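Undergrad: Take this sequence and fold it.
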Amino acid sequence: MTLLLRRSLMWTCLLAVATAGCRRAEPAPRPAAERPERPDIVLITLCTFRMAHTGFGGYDRDTTPFLDSLAASGVLFENATSASSWTKPSVTSLLTGLTPNVHGLTDMSGDRDIIAGEFTPQRVLADGIVTLAECLKAAGYATASRVNNVQGGEFYNISQGFDDAVTSHEMDTPAMLRDFDRWLAGQPAEQPVFFFMLTRDAHMPYDPNYEYFVKFNRSSRTVPRESYPGYRQWLHSRVKKRLDDHRPVAPEPQEQFIDLYDAELAQLDHALRALPEILERAGRRNRTLIVVIADHGERFFEHGRIGHAGIPDEATIHVPLIFAGVDVPAGRRVRPVVRSIDVYPTLAVLAGANPPDVLQGTSLVPMLYGPPEEAEKLTAFASFMSSHHTVREENYKLHLWRGGRRSLYDLTLDPGELNDVFAEKSDVAARLDQELMRWLDAEEALRSVVAQGETRTLTPEVIEQLRSLGYIR
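TA: Modelled structure (predicted):
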């Protein structure tokens, strides 16, 4: 099916849901300074990356010095929301501009699969959905991806549109960047490039190198190098068992657990420092737009939980979003709410590409180059499978729980989402409930016309990788 025919199908969808919030990316307003027509684009997606544990997010530990400098040199969106609380649907939303229950990649293996001794086939991305990579490729870009989390790569067809796509569980961040260096060196200087990287290096079980562990370990207990692997396993097991038994975890092991994660962030941040050098060697540093985002965050004992997936609380869906590089204003922090689904239309506009007619996101170019307060006010929708939905408008967030219960939280006063103000703020609750219904209606209309992918049987290799990530016990 040609891109033109696929866009025609999506135009039909646009007409069906025009009142429900689907938007076409509008042409970019020209800033005063002349901009390259087609910048090189590097999109880095950090798996399991908690916004509140970054320096630019206000953390008091030195976990992200490189990313802090990148944010300071560009535009930081302080209130970006991911489309979901786990990797497969959130990465797919990032690369399609569609919410999870539209693109359909929401299924995960559960205990019933394990008890039955076999795993239900899982849905993969439909060929009929035009990805960001396909959009940029049609505009003349060379495209490549490096992914080390199976849930964001080739098995689920999320890599469609990349000329050179590698999904490897064995590649860490330095290895993926070395591959990028080699690939970039082989591209014609006059051709723009789009490189996508998804790294799971901060994903549980946390396994930072010993040097980083020592730097971030706050415990008075000394852990020798030779005992470190056993210590990590013991700590993970202890924390998980107590939570599985619905028992509280004492402050000290909580702190030790978080120390491992912070060490992971610092190690990942250090690896990313190679990116500017790679671009410099290729002669592309001054023409490259760098975008950094997370697929989701991570819980640390909020609501008695660790990890992610499940309810789309702020710990898991509040993500960093940084634009830096060629002609991006320096030192700008944008407070209004934006979404991960806005990245696709934004990059399409900046690349001079022709995006699909139906995108649930909208271009952030006005916020990048103009006064944020004059930009369109957005609401952020997120979901976990089809059982839990949220919508955020500025500082208020409404949850629709399984069974129909609703709760409302004031994130300014209650960032941990502990105090339900649904009854006290009935006017806000009613407005957000109406907005949530618009999003759900739009999803239903889009599902009827947007292509749905086939299901694919999990291979033994995929099963083992999912098990190592904690998605299969």
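
Undergrad: residue ranges of the helices in the stretch 201-350 of the chain, please?
TA: For the stretch 201-350 of the chain, the helices identified by DSSP state H, counting those that start in this stretch occupy 210-216, 228-244, 251-272, 274-281, 314-317, 343-350, in order along the chain.

Undergrad: buried sites along the fourth one?
TA: Spelled out, that is helix 274-281. Using 16 or more other C-beta atoms under 10 Å as the burial criterion, the residues of helix 274-281 that qualify are 274-276, 278-279. For the C-beta atoms, the positions are set from N, CA and C on the backbone; glycine is no exception.

Undergrad: how about the nearest residue to Asp62, chain neighbours excluded?
TA: In space, not counting the residues next to it along the chain, Asp62 is nearest to Gly55; the distance is 6.7 Å by C-beta to C-beta, 6 or more residues apart in numbering.

Undergrad: That neighbour reaches Leu70, doesn't it?
TA: No. Counting by C-beta atoms under 8 Å, Leu70 is not a contact partner of Gly55; they are 10.8 Å apart.

Undergrad: out of these two, which sits in the more crowded spot?
TA: For Gly55 versus Leu70, the count of surrounding residues by other C-beta atoms under 10 Å is larger for Leu70: 24 against 20.

Undergrad: Can you name the residues that contact the more buried one?
TA: Contacts were defined as C-beta atoms under 8 Å, 6 or more residues apart in numbering; by that measure Leu70 touches 290, 292, 322, 324.

Undergrad: Same check on Leu350?
TA: Applying C-beta under 8 Å, 6+ apart, one finds that Leu350 lies in contact with 28, 39, 41, 289, 365.

Undergrad: Now flag whichever of those residues is closest to Val428.
TA: Distance to Val428, by C-beta to C-beta, is smallest for Val365 among the contacts of Leu350, at 29.6 Å.

Undergrad: Tally up the residues packed near that closest one, please.
TA: Here the number of neighbours of Val365 (other C-beta under 10 Å) works out to 21.

Undergrad: quick one on the thing from earlier: tell me the secondary structure for the residue nearest to Asp62?
TA: In the three-state summary, Gly55 is assigned as coil, counting by DSSP: H, G, I helix; E, B strand; the rest coil.

Undergrad: from memory Glu255 sits against Arg221, does it?
TA: No. Applying C-beta under 8 Å, one finds Glu255 not in contact with Arg221, separated by 11.2 Å.

Undergrad: between those two, who's got more neighbours?
TA: When neighbours are counted by other C-beta under 10 Å, Glu255 comes out ahead of the other of Glu255 and Arg221, with 14 against 9.

Undergrad: Does Ser145 lie in a helix or a strand, and which?
TA: Ser145 is located in strand 142-147, with elements delineated by DSSP states H and E.

Undergrad: List of residues touching that strand?
TA: If you take C-beta under 8 Å, 6+ apart as the criterion, strand 142-147 is touched by 133, 136-137, 153-154, 159, 161-168, 171, 176, 179-180, 183, 187-188, 191-198.

Undergrad: For it, the averaged confidence score.
TA: Taken as a whole, strand 142-147 has an average pLDDT of 97.

Undergrad: Can you tell me the strand partners of that strand and which way each runs?
TA: Each strand that strand 142-147 pairs with, and the sense of that pairing, follows from DSSP bridges: strand 164-167 (parallel), strand 193-199 (parallel).

Undergrad: For that strand, C-alpha coordinates in CSV please.
TA: What follows is strand 142-147 as a C-alpha-only set of coordinates in CSV (Å, rounded to 0.1, in the frame of the first residue of the first chain):
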residue,chain,number,x,y,z
ALA,A,142,18.1,8.3,5.6
THR,A,143,16.8,6.4,8.6
ALA,A,144,18.3,4.1,11.2
SER,A,145,17.4,2.8,14.7
ARG,A,146,19.1,1.0,17.5
VAL,A,147,17.0,-0.6,20.2
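
Undergrad: shouldn't Ala133 be in contact with Leu95?
TA: Yes. In this structure Ala133 lies within contact range of Leu95 using C-beta under 8 Å: 7.0 Å.

Undergrad: Tell me the residues that contact both of those two, please.
TA: Residues within reach of Ala133 and of Leu95 at once, by C-beta under 8 Å, 6+ apart, are Phe196.

Undergrad: what about the two, which has more around it?
TA: For Ala133 against Leu95, the residue with the higher neighbour count under other C-beta under 10 Å is Leu95, and the figures read 31 against 23.

Undergrad: Remind me which helix or strand that one belongs to.
TA: According to DSSP H and E, Leu95 maps onto helix 87-96.

Undergrad: element containing Leu446, please.
TA: helix 426-447.

Undergrad: distance between that helix and the chain's centre?
TA: Distance of helix 426-447 from the chain centroid (C-alpha atoms, centre = their mean, to the nearest Å) equals 23 Å.

Undergrad: Can you give me the buried ones in it?
TA: By 16+ other C-beta under 10 Å, the buried positions in helix 426-447 come out as 428-429, 431-433, 435-436, 438-440, 442-443, 445-446.

Undergrad: Same question for stretch 406-413.
TA: Residues of stretch 406-413 classed as buried by neighbour count (16+ other C-beta under 10 Å): 407-411.

Undergrad: average model confidence for it?
TA: Here the mean pLDDT over stretch 406-413 is 96, rounded to a whole number.

Undergrad: Just the C-alphas of that stretch, formatted as PDB.
TA: Coordinates of each C-alpha in stretch 406-413 appear next as PDB, following Å, rounded to 0.1, in the frame of the first residue of the first chain:
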ATOM      1  CA  ARG A 406     -13.400   8.600  39.000                       C
ATOM      2  CA  SER A 407     -10.900  10.600  41.100                       C
ATOM      3  CA  LEU A 408      -9.400  14.000  40.800                       C
ATOM      4  CA  TYR A 409      -6.000  15.300  42.000                       C
ATOM      5  CA  ASP A 410      -4.400  18.700  42.300                       C
ATOM      6  CA  LEU A 411      -0.800  18.000  41.200                       C
ATOM      7  CA  THR A 412       0.400  21.300  42.600                       C
ATOM      8  CA  LEU A 413      -0.600  20.500  46.100                       C
END
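
Undergrad: Is Leu398 in a helix, a strand, or coil?
TA: Per three-state DSSP, Leu398 ends up strand.

Undergrad: State the pLDDT value of it.
TA: The per-residue pLDDT of Leu398 was computed as 97.
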